[in-house]
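Based on what follows, work out the 3D shape:
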Amino acid sequence: MEEPVEPPAGDTAMSTEPPDEPSSEVAPSPPGGRATGLTAEQRTRMETLLLEAVKAAEEGDSERCFERLNEAKTIP
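A predicted model of the protein is given here:
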């Protein structure tokens, strides 16, 4: 019978916690992107609408998805 293998010495503590959920934050627009010039409030509203559109698409609700996308298009 083989002897068990010992873990290496040193600080090798491993977390048993699952990783955090992926962030749903939207990356900033590149310089010169269409969103340039939006106020913080407009940008927040745009991000919210786009995240809602993605969620609706994932749920198979294409009507709600397109509604959110069309709302996002109206933001100056």
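
Go through the longest helix belonging to the chain and flag the buried ones.
Across the chain, the longest stretch assigned as helix under DSSP state H is helix 40-58. Neighbour counts over helix 40-58 (16 or more other CB atoms under 10 Å) mark 43, 46-47, 49, 52-53, 56 as buried. Backbone N, C-alpha and C define where each C-beta goes, glycine included.

OK, contacts around the residue nearest to Leu69 when sequence neighbours are not counted?
Spatial nearest neighbour of Leu69, excluding adjacent residues (CB to CB, 6 or more residues apart in numbering): Ala53 at 5.0 Å. Contact analysis of Ala53 by CB atoms under 8 Å, 6 or more residues apart in numbering lists 64-66, 68-69, 72.

Reduced to three states, what does Pro4 come out as?
coil (DSSP: H, G, I helix; E, B strand; the rest coil).

returning to what we had before: do you know how far the residue nearest to Leu69 is from Glu3?
58 Å (CB to CB, to the nearest Å).

One more: Ala72?
Distance from Ala72 to Glu3, by CB to CB: 62 Å.

When the two are compared, which one has more neighbours?
Using other CB atoms under 10 Å, the more surrounded residue of Ala72 and Glu3 is Ala72, with 16 against 5.

and that one, what helix or strand is that in?
Using DSSP states H and E, Ala72 maps to helix 62-73.

quick one: buried residues of that helix?
Buried, per 16+ other CB under 10 Å, within helix 62-73: 65, 68-69, 71-72.

can I get the residues you listed in a markdown table with distance to Thr39 and pLDDT?
Putting these into a markdown table (distance: CB to CB, whole Å; pLDDT from 0 to 100) gives the following:
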| residue | distance to Thr39 | pLDDT |
| --- | --- | --- |
| Cys65 | 25 | 96 |
| Arg68 | 20 | 96 |
| Leu69 | 20 | 95 |
| Glu71 | 17 | 95 |
| Ala72 | 15 | 94 |
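
which one among these gets closest to Gly37?
Checking the buried residues of helix 62-73 against Gly37 by CB to CB gives Ala72 as the nearest, at 15.4 Å.

Against Glu58, how distant is the closest residue to the closest one other than its chain neighbours?
Using CB to CB, 6+ apart and skipping residues adjacent in sequence, the residue nearest Ala72 is Leu49, 4.2 Å away. Leu49 sits 15 Å away from Glu58, going by CB to CB.
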